[in-house]
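Enquirer: sequence isn't available, so here's the structure alone:
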């Protein structure tokens, strides 16, 4: 417990540092005092906020604060769901989008964009598409979720669940390609930015941040059972773990986390795949530490990636998913090379 608290305190400190840096750095640089007064000062009738200009207040409170908070929440959700998926499927290559939830969300969002719908409709379409995909996977693979089969003394972990998700993801991919092929050229840029992950138009972060807190509250009590399930479903059942209930709970929490992240920021890759491996490499595979540490590290890394995306060619901005992919590919290759045979 003492070690876990120390690790989480270290990661929380890093998250706060990157968060404050995200508020200060940009196409318009702000000093630490300007950021402080913009955050906590009271705006008077003249437009000043205890020494901070009205421009600084608008930049921090209306632009950078929602974007940084949304990046932290989405990064935490993706890393947490990736860790859960890797335990659920007992596959180190499992990542948040492997079960097709992102494909359903992308289809719903792109259909709303194709219809020239407002932003809230795009977010609602993404949430609805993610929910439809989640229900389809859970229905088609309910036996694998609720009643895992043991063959030859070993469970083929999540085979039906994984295959169902892969097939649905392929189907959603075909629909997405069809939408892009018939979309007018004026809408393609926005669609491509959404598909690669974009925090540029983020105005609210309450849904993602609330979902992250709720997901942690639901998964931490399951951490001991998840540790036992790493030994195999047969061992877990013999030790009294209700495997079907734990698997279903983990799937639902991971899917809802993915849906909230995609609804807020679009499809952002590699965070949910790489971050759990980084935590395991540094601090081991105890889920009681891995789950909160992955959430903190994922949020911190996505905030850092978003900071790079909006400053590297400022005032123009890059999709944050491009930065996470450029950072994630060499990192994952390094982890593979370090992994013992």
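Expert: Okay, I see it. Values in this document were obtained by computation on a predicted structure and should not be read as measured data.

Enquirer: after the helix or strand bottoming out on mean pLDDT in the chain comes which helix or strand?
Expert: The weakest-scoring helix or strand in the chain, judged by mean pLDDT, DSSP states H and E, is strand 154-155 (a mean of 45). Using DSSP states H and E, the next helix or strand after strand 154-155 towards the C-terminus is helix 159-182.

Enquirer: list the buried residues of that next one.
Expert: Within helix 159-182, the residues that count as buried by 16 or more other Cβ atoms under 10 Å are 160-162, 164-165, 168-169, 171-172, 175-176, 179. In this view, the C-beta of every residue, glycine as well, is placed from N, C-alpha and C.

Enquirer: now swap in stretch 15-28 and tell me
Expert: 15, 18-19, 22-26.

Enquirer: which one of the residues you listed is nearest to residue 238?
Expert: residue 15 (39.5 Å; Cβ to Cβ).

Enquirer: may I see the buried residues of stretch 15-28 arranged in TSV, with distance to residue 193 and pLDDT as well?
Expert: Formatted as TSV, the buried residues of stretch 15-28 follow (distance: Cβ to Cβ, whole Å; pLDDT from 0 to 100):
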residue	distance to residue 193	pLDDT
15	26	94
18	23	94
19	24	94
22	19	91
23	23	91
24	25	90
25	22	87
26	19	80
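
Enquirer: what's the closest of those residues to residue 116?
Expert: residue 26 (30.2 Å).

Enquirer: got a list of what the closest one touches?
Expert: 59, 64, 310-311, 314 (Cβ atoms under 8 Å, 6 or more residues apart in numbering).

Enquirer: just residue 283 next, same as before
Expert: Per Cβ under 8 Å, 6+ apart, neighbours of residue 283: 3, 7, 289-290, 293.

Enquirer: same thing but at 6 Å, please
Expert: 7, 289 (Cβ atoms under 6 Å, 6 or more residues apart in numbering).

Enquirer: mind listing what's buried in stretch 229-247?
Expert: 229, 232-233, 236-237, 241, 243-244, 246-247.

Enquirer: pick out the most distant pair among those residues.
Expert: Once Cβ to Cβ is applied, the buried residues of stretch 229-247 give 232 and 244 as the farthest pair, at 14.6 Å.

Enquirer: among the buried residues of stretch 15-28, which lie within strands?
Expert: Under the assignment DSSP state E, those contribute nothing to strands.

Enquirer: mind putting these into CSV with distance to residue 270?
Expert: Listed next are these as CSV, based on distance: Cβ to Cβ, whole Å:
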residue, distance to residue 270
15, 19
18, 18
19, 21
22, 20
23, 25
24, 26
25, 23
26, 24
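
Enquirer: and which of these is nearest residue 38?
Expert: Using Cβ to Cβ, the buried residues of stretch 15-28 come closest to residue 38 at residue 23, 8.0 Å.

Enquirer: what ranges does the chain have for its strands?
Expert: Counting by DSSP E, the strands of the chain are 150-151, 154-155.

Enquirer: mean confidence score for the first one?
Expert: Which is strand 150-151. Averaged over strand 150-151, pLDDT sits at 49.

Enquirer: going forward can the numbers begin at 6, since that is how I track them
Expert: Done: numbering now begins at 6, and the last item shifts to strand 155-156.

Enquirer: where along the stretch 206-346 of the chain do the helices fall?
Expert: Per DSSP state H, counting those that start in this stretch, the stretch 206-346 of the chain carries helices over the ranges 211-224, 228-234, 238-243, 248-270, 276-288, 292-316, 325-343.

Enquirer: and if you look at the stretch 56-205 of the chain?
Expert: 59-63, 70-93, 106-119, 124-145, 147-151, 164-187, 190-201.

Enquirer: what helices and strands are in contact with the third one?
Expert: Helix 106-119 is packed against helix 124-145, helix 164-187, helix 190-201, helix 248-270, with contacts defined by 3 or more Cβ pairs under 6 Å, 6 or more residues apart in numbering; DSSP states H and E.

Enquirer: and the residue most central in space within the chain, what does it touch?
Expert: For the chain, the residue nearest the mean C-alpha position is residue 83 (2.2 Å; Cα atoms, centre = their mean). Residues near residue 83 by Cβ under 6 Å, 6+ apart: 101, 266, 276-277, 303.

Enquirer: and the buried ones among the contacts of residue 31, selectable in ChimeraX?
Expert: With 16+ other Cβ under 10 Å as the burial test, the buried ones among those are selected in ChimeraX as follows:
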select :64,69,315,316
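
Enquirer: mind picking the lowest-pLDDT entry from the contacts of residue 31?
Expert: For the contacts of residue 31, the least confident entry is residue 319, with 75.

Enquirer: so that residue touches residue 32, yeah?
Expert: Yes - with contacts counted by Cβ atoms under 6 Å, residue 319 reaches residue 32, the gap being 4.3 Å.
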